[in-house]
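1. show me how the following folds:
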Amino acid sequence: MKLQANLFSSASAFLAISILCPSRALAQTFDADAHTVQVSVLPISVVSLSSGTVNLDMSLGLITPGQDQMTVTDQSTTLTWGTNSSASKITASTSLAAPLFDLRIVAVNPTQGAASPEFSLTTTAQDLLLNLGRSSGSCLLHYTGVALASQGSGSDLHVITFTVQAQ
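-> Predicted coordinates for the structure are as follows:
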């Protein structure tokens, strides 16, 4: 009997709530809407260098008696790149229009693409890495400074620019 009384009072309470608050007792309906979202990816190409300065110093210990040509090398800088454009390459150029001494560069052990042969840097951009495609990668930069003893002493300050561009 007690169970019937509890069921009756629960049913009565539900009926009272349904009559007093019909929106709570009945199934709720919600409004819906939609919109369009577009994701656009523009061509992206980035390069970075592991160090800001490379010093190639020719000193007495690097000179071979009887030879006019002196060379010094450095391979301490890493070039890192990323591009989402197909058929890409990286070029290199110097800001110095009339250097006293020859500065050469070559990419060593590229993780993507192919390295061009060593070349002397000029103000005209030259191919450093080819066939990069859509990739990210890195390589070491091998610099060689070449001077002739007959050229005397002096100093060249180069600003090297690396550019990712279409191949």
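2. where does pLDDT dip in the chain?
-> Under the criterion pLDDT under 70, the flagged ranges of the chain are 1-27, 60-62.
3. just the helices in it please.
-> Assigned by DSSP state H, the helices in the chain fall at 2-20, 22-25.
4. does Val106 touch Pro117 like I think?
-> Yes. When contacts are counted by Cβ atoms under 8 Å, Val106 is listed as touching Pro117 (6.9 Å). (C-beta placed from N, C-alpha, C; glycine too.)
5. neighbour count winner among these two?
-> Neighbour count, other Cβ atoms under 10 Å: between Val106 and Pro117, Val106 has more, with 18 against 6.
6. who are the neighbours in contact with the more buried one?
-> Going by Cβ atoms under 8 Å, 6 or more residues apart in numbering, Val106 touches 115-119, 128, 141-142.
7. roughly how far does it sit from Gly113?
-> To Gly113, Val106 is 13 Å away according to Cβ to Cβ, to the nearest Å.
8. show me where the protein has strands.
-> 45-49, 69-83, 88-94, 102-108, 114-115, 119-120, 126-130, 135-148, 160-166 (DSSP state E).
9. could I get the ones you listed as CSV with distance to Thr36?
-> Shown next, in CSV, are the strands of the chain (distance: least, Cβ to Cβ, whole Å):
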stretch, distance to Thr36
strand 45-49, 29
strand 69-83, 29
strand 88-94, 32
strand 102-108, 44
strand 114-115, 42
strand 119-120, 50
strand 126-130, 40
strand 135-148, 31
strand 160-166, 31
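10. most tightly surrounded among the ones you listed?
-> Highest mean neighbour count of these: strand 88-94, a mean of 21 (counted as mean count of other Cβ atoms under 10 Å).
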